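Asker: sequence and predicted structure, then a few things I'm wondering about:
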There are 2 protein chains.
Amino acid sequence: MPRLRLALAQVNATVGNLPGNAELVLKRCREAHTAGAHLVVTPEMVLTGYPIEDLAYRATFIEASRAAVADLAERLESEGLGDLVVVVGHLDTAKSDTLDNVPDRLGVPANAPTNSASVITGGKIVARYDKHHLPNYGVFDEFRHFVPGDETQIVQVHGVDVAIAICEDIWQDGPSAAANAAEAGLLVVLNGSPYEAAKDDERHDLCARRAREGGCALAYVNLVGGQDELVFDGDSLVVDSQGETVGRAAQFEEELLVVDLDLPAATARMPEADERFEGLRVQRTVVSSEPVSDDAEPLPARIAERWDDLGERYQATVLGLRDYVRKNGFSSVLFGASGGIDSTLVAAIAVDALGPENVHGISNPSEWSTEHSRGDAAELARRTGMHLDTVPIAPMFDAYQDALNLDGLAEENLQARIRAVIWMGLSNQDGHLVLACGNKSELATGYSTIYGDAVGAYAPIKDVYKTLVWEMSRWRNAWAESQGEQPPIPENTISKPPSAELRPGQVDSDSLPPYDQLDAVLDLYVEQGLGSTEVVARGFDAELVERVVTLVDRAEYKRRQYPPGPKVSARNFGRDRRLPITTQWRESL
Amino acid sequence: MPRLRLALAQVNATVGNLPGNAELVLKRCREAHTAGAHLVVTPEMVLTGYPIEDLAYRATFIEASRAAVADLAERLESEGLGDLVVVVGHLDTAKSDTLDNVPDRLGVPANAPTNSASVITGGKIVARYDKHHLPNYGVFDEFRHFVPGDETQIVQVHGVDVAIAICEDIWQDGPSAAANAAEAGLLVVLNGSPYEAAKDDERHDLCARRAREGGCALAYVNLVGGQDELVFDGDSLVVDSQGETVGRAAQFEEELLVVDLDLPAATARMPEADERFEGLRVQRTVVSSEPVSDDAEPLPARIAERWDDLGERYQATVLGLRDYVRKNGFSSVLFGASGGIDSTLVAAIAVDALGPENVHGISNPSEWSTEHSRGDAAELARRTGMHLDTVPIAPMFDAYQDALNLDGLAEENLQARIRAVIWMGLSNQDGHLVLACGNKSELATGYSTIYGDAVGAYAPIKDVYKTLVWEMSRWRNAWAESQGEQPPIPENTISKPPSAELRPGQVDSDSLPPYDQLDAVLDLYVEQGLGSTEVVARGFDAELVERVVTLVDRAEYKRRQYPPGPKVSARNFGRDRRLPITTQWRESL
């Protein structure tokens, strides 16, 4: 069997940075060449970054992306890497015959953008595949942005037929059947597949199934890195035609995964353009028909170790935060260090993402702040090495109250807002990016003060329920212990009852149901999208369900102004769940 | 020719309020019956309100909507209105044969929702049409939410064949041709078509064109009212088969428009189900074949007077604000009354929307506030009758500065944020909804303080460029004069140079290009979506363009946390323009 040495370039692209992203690809091509690879595959839209949203329509951006592909081809050739076959993801514009085949009742966006993969070799673009299946659910809006492709591309490399697909294509039926019909030896899949809990297992099973259907090996290359609310987790993998894993890259890190594959030789079919297959045109391109010998010992298989479920979530928040800060031109962050579990977990994440020297906690004690809270914040700073400054809020509080005489909830919110003004002032003065420390249970129920603790440019744990905040905190401490390091999170912060400390003796359970019950109902109502009656049917108290559902429905306006933060669940408050603010629909029981 | 008396129920539905919306329809049906109408047509999805976003997936909501249609049919019958033929918009779930015909590569959303119109008569639902063409651009996401229909419905009413379409259906080719082929006498179109400047003319021309294509009269029924960022402007209309307007309802108000139409009798074609027409199944239903005599004098034509372009925009903001406040359970608003033109225009809008007794201006003078600003705010209050309270910010400012020692921009922002804390405190205490007074030029360039002047639940003029703020202010004053009333906006507020008054002698032109140039560049870059080179090619200075484009690109994070406000332009900062916060793409020249 002919052998192919395949290199998967799992890189961290940045949306809009065409030269930087091209440089990332080029660097990995150099490494791949040095490693003797024949075929390099990048993630989906690696040259533009992903997702680009309405930048897809911008004629100047499309043109720049097309130029970047041509430029990459030239640079590879001029550096003596022209014999590599590189499949690179980018933004392009639909070919006229594709436009003629746009499915009935699907409009064509301005400038007819496509989500494309070009095959580069010998200084030229020899084939181009446009994504067929456009996801338009969850966080995705691809019918808004792209024209679907209608051509299957089969490229022969060293005597092996290689088929191409992009991300959603393999979640729907199609390319594996096409690869099968075309008797391809390998299906390469370019992906921009965002992390969510347990998605890696689902992806792995999908790849194995598609490989078996296609009767071919399958190479799955994913982006890595944070982009606004999404975190791409890498975890690129290669399975053989039986669906067995023969290579797997790290999660949440860049990597060039090099794998040797012994693959069936291309059949005697002659290259034939515009062959019709189930309504799709099949284009065949022969780059080289000369097989590579499989005499040498193949490379040892690289199967990266994997994080467990809590570790994945934690690493996703670390990477999401690091990239949001870095890609937006910041280097340091600031947040309110209350001594509570939420801000403490955020501190640990920030220290892991940016280093303790770039993390600034601000303690803003009030009349109702307990001694242990201040002590816990100080202990957190001692353990992590982050900065901690203290600015008491009493003088500002008194100045406002002399003029306003607020009481009740208005008085509680005032304290939270005074703190926010202090953080924003220090942020403006010193150039730190402010983090909001709210968790998903708070965000769901509106248990936060808008323009108070809800301020910030980024909210690292907004998609983490409170019960998971504790679990991730324990996980982080256990991980430290397993590494022989000091656990960053003070034990008392984990064990004490949660409180906003906005009035004497206040605890969260004054206003909210116990978090285990609350989070269980939220999971059913928010993440699984059930109605109240269905939630009650799962065995929850009707009054509790009604209370929680009402809180969730009424807090939409607060969520709309909340900072972005990394999606780690199956359905985040963001692109995944789009509800009107103004609605009088109330689930009834 | 048989005559039909047609009643268009242009009503203000509220998203989620099924009983309330059904009541609105019922009330109009009673009126229509009293007026002798035969056929009543409602707007798109009137029973659920529109757009319902991800509520479309909720099984409980779909079921409630289906029940509301059946209930409406029963109530009409029990009230003796069973002889009316009512075409009512609602949420439903796809029929199984429709699901079988979902276009290739288009997924089916959870619970297969449809955007439907049911024909009710005699206490029964006799036909149902599901929207064929799903808009998925601009502010719309209908591929996300609905399964497209594939049946054409022709309902014979008093011997006239009536075809049905929903909104986007007539913006795309299809139903008018179907009506033509079916030799229908009338095409009724249910709409949820949001206002934007000059869209009414476009709609009118489209209706006339489709009527001529269809060789039939066309009745266009639109929603009226505000829903989050959208304002539905009503403006329902009827054209005859030559495209001549024979009836037109008011803009921005509820109305039952009753029109007499003499229409061709249904041809001798027998009712025939599942007749295929261009891939669509045609269903024919005969409600009544007995023509109504056209002997009596027809009703005089009602053609409502129309607002001019500035009047339209102004009325759209008034209605948007009134409905946001009212539909979210508030009755009064509060905002920072600086004496500047933006907050003054907002005050005039709020007074028109809610009455002066429900409008609370708060003046927060600082060291740098000029005497004329305070005077202008007081004069505004005098002219409009709104409340005006004064809370100086010096004591709070000093308290913060004792602790923080901020300077430069951080010090300027501090003042804006102190004001915001005061407004939010008063809002929490007194239950007023806070308005943000920023305009579109500010929002575009980021010329605002996040968590400062940017706070609020609703931002009435966020889609109005500064140059238009002045024009709308002048328009409002001129309108008052034309009505013999005192102009609400002090002349000095219109004529003085704009300033944020955050440092001595500050004017906007210190930080921004002159507004006429700025707004012209913004129109090309933001609303028309051109790249920098294209904007420069229109004759603008390259340095100016680069400066403006850079400001716009960098302010995305502020816009993401800005309150909602009514869309009045062709492309708002909101659902119309979805760009990543994190992007390193910079237009180059």
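Answerer: Okay, I see it.
Asker: does stretch A:552-561 reach chain B?
Answerer: Yes - Stretch A:552-561 reaches chain B (C-beta under 8 Å from any C-beta of the partner chain) through A:557, A:560, A:561. Where you see a C-beta, it was placed from the backbone N, CA and C, and this is true even at glycine.
Asker: pull the CA atoms of that stretch into CSV?
Answerer: Extracted in CSV, the C-alpha atoms of stretch A:552-561 (Å, rounded to 0.1, in the frame of the first residue of the first chain):
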residue,chain,number,x,y,z
VAL,A,552,-34.9,33.2,34.2
ASP,A,553,-37.5,34.7,31.9
ARG,A,554,-37.3,38.1,33.6
ALA,A,555,-33.5,38.4,33.6
GLU,A,556,-33.1,38.4,29.8
TYR,A,557,-32.4,42.2,29.8
LYS,A,558,-29.5,41.8,32.2
ARG,A,559,-28.0,39.0,30.1
ARG,A,560,-28.2,41.1,27.0
GLN,A,561,-25.8,43.6,28.5
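Asker: now that stretch: mean pLDDT?
Answerer: Mean per-residue pLDDT for stretch A:552-561: 97.
Asker: just for the stretch 251-400 of chain A, where's the confidence low?
Answerer: A:268-279 (pLDDT under 70).
Asker: what does the stretch 451-589 of chain A put close to chain B?
Answerer: Residues of the stretch 451-589 of chain A lying near chain B (C-beta under 8 Å from any C-beta): A:451, A:455, A:457, A:529, A:531-534, A:557, A:560-564, A:577-587.
Asker: not counting residues beside it along the chain, what's closest to residue A:150?
Answerer: Excluding the flanking residues, the one nearest residue A:150 by C-beta to C-beta, 6 or more residues apart in numbering or on different chains is residue A:101, at 4.6 Å.
Asker: against residue A:282, how distant is the one you found?
Answerer: According to C-beta to C-beta, to the nearest Å, residue A:101 stands 14 Å off from residue A:282.
Asker: cool, residue A:33 as well?
Answerer: Residue A:33 is 30 Å from residue A:282, by C-beta to C-beta.
Asker: quick one: stretch A:561-574 to chain centroid distance?
Answerer: 11 Å (C-alpha atoms, centre = their mean, to the nearest Å).
Asker: start and end of that stretch, how far apart?
Answerer: End-to-end distance for stretch A:561-574, by C-alpha to C-alpha, to the nearest Å: 11 Å.
Asker: one more: stretch A:480-491?
Answerer: 13 Å.
Asker: for stretch A:364-377, same thing?
Answerer: Termini of stretch A:364-377 sit 11 Å apart (C-alpha to C-alpha).
Asker: just the residues contacting it, thanks.
Answerer: Under the contact criterion C-beta atoms under 8 Å, 6 or more residues apart in numbering or on different chains, stretch A:364-377 has outside partners A:336-340, A:344, A:361, A:363, A:388, A:390-394, A:397, A:415, A:418-419, A:422, A:490, A:492-493, A:496, A:499, A:501-504, A:506.
Asker: in helices only, show me those.
Answerer: A:344, A:394, A:397, A:415, A:418, A:419, A:422, A:492, A:493 (DSSP state H).
Asker: from the structure, what's the count of residues near the third one?
Answerer: The one in question is residue A:397. 19 (other C-beta atoms under 10 Å in any protein chain shown).
Asker: contacting residues for it?
Answerer: A:366, A:367, A:414, A:415, A:418.
Asker: which among the residues you listed end up buried?
Answerer: Buried by 16 or more other C-beta atoms under 10 Å in any protein chain shown: A:366, A:414, A:415, A:418, out of the contacts of residue A:397.
Asker: roughly how far out does stretch A:109-125 sit from the chain middle?
Answerer: Taking the mean of its C-alpha atoms, stretch A:109-125 sits 24 Å from the chain's own mean (C-alpha atoms, centre = their mean).
Asker: over to stretch A:117-129?
Answerer: The answer for stretch A:117-129 is 28 Å, by C-alpha atoms, centre = their mean.
Asker: check whether that stretch contacts chain B.
Answerer: No - judged by C-beta under 8 Å from any C-beta, stretch A:117-129 and chain B are separated, with a smallest distance of 15.3 Å.
Asker: can you tell me the centre-most residue of chain A?
Answerer: Geometric centre of chain A, nearest residue: residue A:231, 1.8 Å, by C-alpha atoms, centre = their mean.
Asker: relative to chain B, how far out is residue A:262?
Answerer: 34 Å (C-beta to the nearest C-beta, to the nearest Å).
Asker: now do residue A:100
Answerer: Where chain B is concerned, residue A:100 sits at a distance of 15 Å (C-beta to the nearest C-beta).
Asker: give the contact list for residue A:547.
Answerer: Residues in contact with residue A:547 (C-beta under 8 Å, 6+ apart) are residue A:513.
Asker: over to residue A:285. Which of the three states is it?
Answerer: strand (DSSP: H, G, I helix; E, B strand; the rest coil).
Asker: so what pairs up with it in the strands?
Answerer: Beta bridges link residue A:285 to residue A:155, judged by DSSP bridges.
Asker: in the strand or helix carrying residue A:536, which residues are buried?
Answerer: Element membership for residue A:536 (DSSP states H and E) is helix A:532-537. By 16+ other C-beta under 10 Å, the buried positions in helix A:532-537 come out as A:532, A:534, A:535, A:536.
Asker: tell me the first helix or strand C-terminal of that helix.
Answerer: Past helix A:532-537, the next helix or strand by DSSP H and E is helix A:542-554.
Asker: quick one: secondary structure of the most far-flung residue of chain A relative to its centre?
Answerer: Distance from the C-alpha centroid of chain A peaks at residue A:402, with 47.2 Å (C-alpha atoms, centre = their mean). Three-state call for residue A:402 (three-state DSSP): helix.
Asker: the one 10 residues further on too?
Answerer: Under three-state DSSP, residue A:412 falls in the helix class.
Asker: so it sits against residue A:502, correct?
Answerer: Yes - checked against C-beta atoms under 8 Å, the pair residue A:412 and residue A:502 is within contact range at 3.8 Å.
Asker: surely the residue nearest to the centre of chain A is within a strand?
Answerer: Yes - Residue A:231 forms part of a strand when assessed by three-state DSSP.
Asker: you'd agree it is up against residue A:316?
Answerer: Yes - here residue A:231 reaches residue A:316: they are 4.6 Å apart, a contact under C-beta under 8 Å.
Asker: what sits in contact with each of the two?
Answerer: Jointly contacting residue A:231 and residue A:316 under the rule C-beta under 8 Å, 6+ apart are A:195, A:252, A:566, A:568.
Asker: can you say which helix or strand has the last one in it?
Answerer: Using DSSP H and E, residue A:568 is not contained in any helix or strand.
Asker: count the residues that sit near residue A:407.
Answerer: 12.
Asker: and residue A:21, helix, strand or coil?
Answerer: Following three-state DSSP, residue A:21 is assigned to helix.
Asker: of the contacts of residue A:397, which is the nearest to chain B?
Answerer: Chain B has its nearest neighbour among the contacts of residue A:397 in residue A:414, at 5.4 Å by C-beta to the nearest C-beta.
Asker: tell me how far residue A:251 lies from chain B.
Answerer: With C-beta to the nearest C-beta as the criterion, residue A:251 and chain B are 21 Å apart.
Asker: what sits closest to that residue if chain neighbours are left out?
Answerer: Excluding its sequence neighbours, the residue lying closest to residue A:251 (C-beta to C-beta, 6+ apart) is residue A:235, at 4.8 Å.
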